[in-house]
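A.B. asks: here is my input; please provide its structure:
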Amino acid sequence: MNAHQIIIRPLITEKNTNLMQFNKYSFEVDRNATKPQIKRAIEEIFNVRVTAVHTMNVRGKLRRRGRQYGYTADWKKAIVTLAEGDRIDLFEGA
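C.D. replies: Model prediction:
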């Protein structure tokens, strides 16, 4: 897998915006990606140094469409801590 297949999209929420003060950024990542792969992908795409990667599997939620019930897809979330002085400017305009 290349770096752009591992990192699916950045997660921009109020909680994640507050984490940016502590140099932590959140991404949706491929479900099969490992922490070293995520670290390499972030460093390659954004030219920053990653000090820590925390991952979690997010279960899909029950949703209803009329009388039909179903679940949204399960996905994987990664919270990446950057080295002191590094920033990702992608989030600054959000």
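
A.B. asks: quick one, phi/psi of residue 30?
C.D. replies: Dihedral pair for residue 30: phi -60, psi 140, per degrees, to the nearest 10.

A.B. asks: count the neighbours of the closest residue to it other than its chain neighbours for me.
C.D. replies: Nearest non-adjacent residue to residue 30, counting by C-beta to C-beta, 6 or more residues apart in numbering: residue 6, 5.2 Å away. Heads up, the C-betas are built off the backbone N, CA and C, glycines and all. Residues near residue 6, counting by other C-beta atoms under 10 Å, number 22.

A.B. asks: and residue 6, what does it touch?
C.D. replies: Applying C-beta atoms under 8 Å, 6 or more residues apart in numbering to residue 6 gives the contacts 29, 30, 33, 37, 38, 41.

A.B. asks: then residue 30?
C.D. replies: Here residue 30 is in contact with 1, 5, 6, 8, 76 (C-beta under 8 Å, 6+ apart).
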